[in-house]
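>>> model this:
(chains A and B)
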2 protein chains.
Amino acid sequence: MRSLTLALGTHSYPILIGGDLLERADLVQPFLSSPRIALVSNTTVAPLYLERLLGGLEKVGAAVTPIILPDGEAHKNWESLNLIHDALLAARCDRATTIVALGGGVVGDLAGFAAATYQRGVPFIQVPTTLLSQVDSSVGGKTGINHPRGKNMVGAFWQPKLVLADTDTLKTLPARELSAGLAEVIKYGLIRDLPFLEWLEANMDGLVRRDGQLLAEAIERSCANKAEVVAADEFETAKEGGRALLNLGHTFGHAIETGMGYGEWLHGEAVAAGTMMATELSRRLGWLSAADVDRVRALILRAGLPVTGPDLGLARYLELMSHDKKVIAGSLRLILLKSLGQAVIHADASPAEIAAAIEACCDA
Amino acid sequence: MRSLTLALGTHSYPILIGGDLLERADLVQPFLSSPRIALVSNTTVAPLYLERLLGGLEKVGAAVTPIILPDGEAHKNWESLNLIHDALLAARCDRATTIVALGGGVVGDLAGFAAATYQRGVPFIQVPTTLLSQVDSSVGGKTGINHPRGKNMVGAFWQPKLVLADTDTLKTLPARELSAGLAEVIKYGLIRDLPFLEWLEANMDGLVRRDGQLLAEAIERSCANKAEVVAADEFETAKEGGRALLNLGHTFGHAIETGMGYGEWLHGEAVAAGTMMATELSRRLGWLSAADVDRVRALILRAGLPVTGPDLGLARYLELMSHDKKVIAGSLRLILLKSLGQAVIHADASPAEIAAAIEACCDA
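Model prediction:
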């Protein structure tokens, strides 16, 4: 088992990564404030893994209320959040009840936001079962739901007490979802870790083949990067650098997700196409070479991901991007690449430059 | 103008109390992170005071989006919260936009919860216009909405940057609402401030007559008590004493509010009847004398408040109270009085004792 810590003072927490962790309730028990647990999962993950997690928890005396949601990004909304709150109240869950999220990013974001808001906040544990949630969304405390006008527009910062990432769950992950997770893995290399980017170039085929050792290393190095960034800027308030850099490709990507309807494109797929747009824009600003762009494109393609976005029309892209959470005083703040392995926040790209980058990376 | 501070380290904030403050945008301006403001109010308060507040804010260059909600506790729900989020997105409010609540407790709780959750949190300012919100709900950062199964069951701790309490707004407050506010004023005397309780006994008639000086003093002494309690226990995690003591009468009162349907009984009215139940239970436990109970009853009556609850039926009272947020591991933790001016958390009252106290303070 690999172990690292997200250092946040009094609310620091461990991230545990390895095989066969679902049954290891002994790892969970020290983080429970009472034996009451509400276990949030979805109709895809629950049949596969609920029993293993439940069995372990019941062995250590926990009383678990399962709450099973419909699967998919299209359900990351008020209705699902209300379902969780209703179930928590029906089961008389109190302030010492721990909410455990078993699933991917949607389950984690929803369960986390429910934990942040039920009775003004209850403890929370993440048990991510997808590559994307293991390398990214389960770490750092961002929770929330989508709004018809924009992704993750409603939410809260609410840190978990523990992240328990069982890499065995990746064996059942659909190939498309594995690739979606790799988009966020590649992101860490691009924004701040050139040696990791080079390691990914050397090992991408093994990752796609699901070599367990390689996946565990990719997850650990991704979480280590994320933990460092979040520890330095928990609430994304840094003016330069900081947590916002984790959003490479996300402003473009959120426009794709919202524009296509939540769930059509997987988050990681949209981020991959968005990363190409950000990379292309960085080249147009003179920061990257054409060879750099080719290198990024080749790696994204090897991960089984799209390198172009859907044809939403330029006006729709720009309209959707203007709702981004990084907009301040009407100015769009994009995450771009000064070089491979070094991201910056850039507020001065002209609409024409942005438009050209989108068009260069769009299906005709 | 009276001024005090809620001391919470890096997120400490001032509470300003006095006449003619609505136009004083100079008091607000230092707390704005950008000129963008979303001003949440309701259909009762907006016609009276929106223009005065707006005029001042526009003079200092603020760009204000008004968001007007329907009035009343019955609207403290998901639908109203969604209305606010929709309006914030439609107006392209960004993370530096300050949400200002102009109104009573419902507006403040809703706008505060919207601020806590819009784009994972934006700055927030309270401009309370009722006695209840000036002495209690605008101070301390509790925000939230009601759930059909229980009051304030969904919410967040989200502290304002400033509380601006213009006592002139109390001149238009309906008598019933003034009385409702006095219930929370009396509470501070009962739980921790015997001299204030005695002052209230000496001055209750003047308060009900709306003597401006007396009201300002009552508000300041109430806020001073609340600020001390919240500063010592911001998240209500203290095992003994602490913030939970502010809930004297509230467990009984929430049962009345939920049981009657939100809005039938004003919150302060329900708290008044609930305070009598808690006082009666304290007498039955041997902590208060019959004369103490009479003294509390007389003061509540002079404030124009009910001293008995509605006839929900005992079973319904107990069922509703069992959903209280202070329930831990199935045990109901009531706030009771060891003596006048000294409250305690008590988890050991038997259902029979609780039932007897409810019955003694219920309409037949």
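
>>> and A:T98, bridged to which residues?
A:I37 (DSSP bridges).

>>> give me the neighbour count for it.
25 (other CB atoms under 10 Å in any protein chain shown). Where you see a C-beta, it was placed from the backbone N, CA and C, and this is true even at glycine.

>>> and it, what is it in contact with?
A:T98 makes contact with A:31-34, A:36-38, A:122-125, A:161, according to CB atoms under 8 Å, 6 or more residues apart in numbering or on different chains.

>>> repeat that with 10 Å
A:28, A:31-39, A:62, A:64, A:115, A:122-125, A:160-162 (CB atoms under 10 Å, 6 or more residues apart in numbering or on different chains).

>>> okay, and which of these map to helices?
A:28, A:115 (DSSP state H).

>>> type out the PyMOL command that picks the buried ones from the contacts of A:T98.
Buried residues within the contacts of A:T98, by 16 or more other CB atoms under 10 Å in any protein chain shown, are selected in PyMOL with:
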select buried, chain A and resi 28+31+32+34+35+36+37+38+39+62+64+115+122+123+124+125+160+161+162
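
>>> show me chain A divided up by domain.
Domains of chain A are assigned by automatic domain parsing as A:2-172, A:175-360.

>>> could you work out the end-to-end span of the last one for me?
Between the opening and closing residues of domain A:175-360 we find a distance of 27 Å, counting by CA to CA, to the nearest Å.

>>> could you do the first one as well?
Taking CA to CA, the first and last residues of domain A:2-172 lie 21 Å apart.

>>> now that domain: how far from the chain's centre is it?
Offset of domain A:2-172 from its chain centre (CA atoms, centre = their mean, to the nearest Å): 13 Å.

>>> any idea how far chain B is from A:D363?
28 Å (CB to the nearest CB, to the nearest Å).

>>> wait, that residue sits on A:D311?
Yes. If you go by CB atoms under 10 Å, A:D363 and A:D311 touch, sitting 4.9 Å apart.

>>> that older thread, out of the domains of chain A, flag the one nearest B:D348.
Set against B:D348 and scored by CB to CB, the domains of chain A come closest in domain A:2-172, at 17.3 Å.

>>> among the contacts of A:T98, which are located in strands?
Counted as lying in strands by DSSP state E, out of the contacts of A:T98, are A:36-39, A:64, A:124-125, A:162.

>>> let me have those residues in TSV, adding pLDDT as columns.
Formatted as TSV, the entries for these read as follows, by pLDDT from 0 to 100:
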residue	pLDDT
A:R36	97
A:I37	98
A:A38	98
A:L39	98
A:V64	97
A:F124	98
A:I125	98
A:L162	98
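
>>> which of the residues you listed sits closest to A:R176?
For the ones in strands among the contacts of A:T98, the nearest to A:R176 is A:L39 (26.0 Å; CB to CB).

>>> check contacts around the closest one.
A:46, A:50, A:53-54, A:57, A:62, A:64-68, A:98-102, A:111, A:125, A:127.

>>> out of the domains of chain A, the one nearest B:A7 is which?
domain A:2-172 (18.6 Å).

>>> ok, A:H267 touching A:L131?
No. Counting by CB under 10 Å, A:H267 does not reach A:L131; the two are 11.7 Å apart.

>>> overlap in contacts of the two?
A:104, A:177, A:180-181, A:183-184.

>>> so how far is A:V185 from the closest residue to A:R36 other than its chain neighbours?
Computed as CB to CB, 6 or more residues apart in numbering or on different chains, the closest residue to A:R36 that is not its neighbour in sequence is A:T97, at 4.1 Å. In this structure, A:T97 and A:V185 are 33 Å apart, going by CB to CB, to the nearest Å.

>>> and the stretch 101-250 of chain A, which residues reach chain B?
A:113-114, A:116-121, A:141-145, A:147-150, A:152-158, A:235-237 (CB under 10 Å from any CB of the partner chain).

>>> quick one: contacts for A:A244?
So A:A244 contacts A:229, A:233, A:236-238, A:250, A:325-326, A:333-335, A:343-345 (CB under 10 Å, 6+ apart).

>>> sorry, that was for A:G304
Per CB under 10 Å, 6+ apart, neighbours of A:G304: A:175-176, A:178-180, A:182-183, A:204, A:208, A:269, A:272.

>>> filter the residues you listed down to the ones in helices?
A:175-176, A:178-180, A:182-183, A:204, A:208, A:269, A:272.

>>> turn the residues you listed into TSV, including neighbour count and pLDDT.
As requested, the ones in helices among the contacts of A:G304 are arranged in TSV below (neighbours: other CB atoms under 10 Å in any protein chain shown; pLDDT from 0 to 100):
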residue	neighbour count	pLDDT
A:A175	10	97
A:R176	12	97
A:L178	20	98
A:S179	24	98
A:A180	27	98
A:L182	28	98
A:A183	29	98
A:M204	22	98
A:V208	16	98
A:E269	23	98
A:A272	33	98
